[in-house]
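**Student:** next input, structure requested:
(one chain, ligands or ions: 2)
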Amino acid sequence: MSTRLLTGRDGIAEAAALLLRGETVAIPTETVYGLACILDDQAVDRVFEAKGRPRDNPLIVHIARPEDLADIARDIPSCAAELTQRFWPGPLTLVLPKASGIPDSVTAGLDTVAVRCPGHDTARAVIRASAPLAAPSANRSGTPSPTTAAHVMEDMNGRIAAVLDAGPCAVGLESTVLDVSCAVPRLLRPGGVTLEQLESVLGHVEVDKAVLAGLAATETPHAPGMKYKHYAPQTPLVLLSGPAEAARNYVHVRPDCGILCLQEEAAAFSGLHTAVYTPESLFAALRQLDEKGYSCVYVRLPKAEGLNLAVVNRLRKAAGYVEVVL
Ligand code: TXA
Ligand code: MG
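**Tutor:** Residues are numbered from 1 along each chain as shown. Ligands and ions are numbered 1, 2, ... in the order given. As a prediction, this is how the structure comes out:
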């Protein structure tokens with residue numbers, strides 16, 4: 001299969017036509033590029049196949065208008081209505097009891113469904129011109145999510161029908177996943193809408209243990225995706241915590257290694273193999289590291305608050321929770 005690169009208005013129409021035929025098309029969203037398909041068993045199967053994704057990891061359904069939620073989910077609690085009013089369209093995914101008619105292939109057999117209304121005009125235009133779309137991030141399973149069409153091509157060229165290119169994604173991290181099917185809303189994945197923003201609407205939010213810690217092999221995760229390796233470049237990542245001065249000395253004597261840090265620490269690591277990231281550029285930075293041929297990259301984490309809770313979650317997972325504490 002040769003993967004077509006689509007752009008502009010004609011690209012939106014072409015993407016919609018391909019999707020309605022059951023093909024897979026990568027589309028831009030404000031968070032990351034998604035690998036979209038209609039809610040049909042065969043089309044969903046193609047998405048799992050192209051990503052190499054384990055079949056027990058359910059997909060997010062994307063809708064064009066907040067009011068379309070009633071077609072996808074049922075028993076919608078009043079807190080969900082408040083959240084959609086405040087944060088949709090935008091980077092918030094809600095887990096709710098699923099409506100009849102949502103295929104088991106989309107939800108991996110769960111009786112809940114994850115839904116979001118993306119805050120990207122092109123994404124909503126494609127959905128309006130086709131149908132509600134199931135879309136996981138458009139990377140091969142396990143690799144960093146794509147924030148440009150070029151990243152999608154790196155992973156998916158020849159495996160999917162087309163990529164609709166609308167430039168880089170503004171948020172650069174996936175949506176926040178919040179389970180509102182339980183008595184107390186539970187944060188399953190931090191993302192573009194922060195915990196603090198959710199708490200300003202909901203009061204108390206339960207933060208799932210898996211947001212910051214690894215799960216033991218015997219534990220059942222609340223979001224099936226939590227148990228899989230994620231966001232990882234080929235180069236091994238190791239978290240490096242402690243004072244910047246000590247971290248500098250540690251990396252200095254390991255000249256075949258790189259260090260990945262925030263701009264505010266860049267000066268402390270000058271003269272070393274330093275790469276700088278922001279929340280928006282984190283996934284691009286992880287992909288670029290592999291071009292350098294380092295034997296290992298040490299990662300400096302920010303404080304886990306605001307959008308940086310999502311950054312810490314992704315980096316801890318990407319490093320497989322391996323950490324050197326100085
Ligand atoms: O920003 C995003 O959310 C992007 C863009 C494309 O919309 N999509 C995305 O999808 O990140 P994906 O498949 O890479 O991540 C979806 C996460 C997975 O961890 C999955 O296990 C969880 O959402 N999930 C999906 N349905 C669920 C459900 N019914 N209950 C609990 N977790 C669910
Ligand atoms: Mg993903």
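
**Student:** and Val251, which of the three is it?
**Tutor:** Of the three states, Val251 takes helix according to DSSP: H, G, I helix; E, B strand; the rest coil.

**Student:** pretty sure it sits against Leu272.
**Tutor:** Yes. With contact defined as CB atoms under 8 Å, Val251 reaches Leu272; the gap is 5.4 Å. For every residue, glycine as well, the C-beta is placed using N, CA and C.

**Student:** what is in contact with these two at once?
**Tutor:** Shared contacts of Val251 and Leu272 (CB atoms under 8 Å, 6 or more residues apart in numbering): Ile259.

**Student:** pick out whichever of these two has more residues nearby.
**Tutor:** Taking neighbours as other CB atoms under 10 Å, Val251 and Leu272 compare with Val251 leading, 21 against 17.

**Student:** quick one: pLDDT of the more buried one?
**Tutor:** With respect to pLDDT, Val251 scores 97.

**Student:** this protein: helices as residue ranges?
**Tutor:** Here the chain has its helices, by DSSP state H, at 8-20, 41-51, 69-72, 78-87, 104-107, 121-129, 149-156, 195-202, 244-252, 263-266, 282-289, 308-318.

**Student:** output the longest one as PDB, nothing but the C-alphas.
**Tutor:** Going back to what we said before, that points to helix 8-20. C-alpha atoms of helix 8-20 as PDB (Å, rounded to 0.1, in the frame of the first residue of the first chain):
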ATOM      1  CA  GLY A   8      -6.100  21.500   2.500                       C
ATOM      2  CA  ARG A   9      -9.800  21.400   1.800                       C
ATOM      3  CA  ASP A  10      -9.500  18.800  -1.000                       C
ATOM      4  CA  GLY A  11      -7.500  16.700   1.500                       C
ATOM      5  CA  ILE A  12     -10.300  16.900   4.000                       C
ATOM      6  CA  ALA A  13     -12.800  15.700   1.400                       C
ATOM      7  CA  GLU A  14     -10.500  12.900   0.300                       C
ATOM      8  CA  ALA A  15      -9.700  11.800   3.800                       C
ATOM      9  CA  ALA A  16     -13.500  11.600   4.600                       C
ATOM     10  CA  ALA A  17     -14.100   9.600   1.400                       C
ATOM     11  CA  LEU A  18     -11.300   7.100   2.300                       C
ATOM     12  CA  LEU A  19     -12.600   6.800   5.800                       C
ATOM     13  CA  LEU A  20     -16.200   6.100   4.700                       C
END
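
**Student:** surely Val61 and Pro132 touch.
**Tutor:** Yes. With contact defined as CB under 8 Å, Val61 reaches Pro132; the gap is 5.5 Å.

**Student:** so what's the residue positioned nearest the centre of the chain up against?
**Tutor:** Nearest residue to the geometric centre of the chain (CA atoms, centre = their mean): Glu174, 3.1 Å. Going by CB under 8 Å, 6+ apart, Glu174 touches 31-32, 91, 137, 145, 189, 191-192, 310.

**Student:** so Gly320 versus ligand 1, what's the distance?
**Tutor:** 17 Å (CB to the nearest ligand atom, to the nearest Å).

**Student:** shared neighbours of Val61 and Pro132, anything?
**Tutor:** 39, 72.

**Student:** what parts of the stretch 101-250 of the chain come near ligand 1?
**Tutor:** Residues of the stretch 101-250 of the chain found near ligand 1 (CB under 6 Å from any ligand atom) are 107, 110, 112-114, 135-137, 174-175, 177, 188-189, 223-225.

**Student:** narrow the residues you listed to those in strands?
**Tutor:** Members of these lying in strands (criterion: DSSP state E): 112-114, 177, 188-189.

**Student:** biggest separation within the residues you listed, which pair?
**Tutor:** Largest separation among these by CB to CB: Val113 and Arg189, giving 15.4 Å.

**Student:** could the helices of the chain go into JSON lines alongside distance to Asp208?
**Tutor:** Converted to JSON lines, the helices of the chain look like this (distance: least, CB to CB, whole Å):
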{"stretch": "helix 8-20", "distance to Asp208": "32"}
{"stretch": "helix 41-51", "distance to Asp208": "23"}
{"stretch": "helix 69-72", "distance to Asp208": "22"}
{"stretch": "helix 78-87", "distance to Asp208": "17"}
{"stretch": "helix 104-107", "distance to Asp208": "18"}
{"stretch": "helix 121-129", "distance to Asp208": "26"}
{"stretch": "helix 149-156", "distance to Asp208": "27"}
{"stretch": "helix 195-202", "distance to Asp208": "11"}
{"stretch": "helix 244-252", "distance to Asp208": "29"}
{"stretch": "helix 263-266", "distance to Asp208": "29"}
{"stretch": "helix 282-289", "distance to Asp208": "21"}
{"stretch": "helix 308-318", "distance to Asp208": "10"}
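
**Student:** so which of those is nearest Ala213?
**Tutor:** Per CB to CB, nearest to Ala213 of the helices of the chain: helix 308-318, 8.0 Å.
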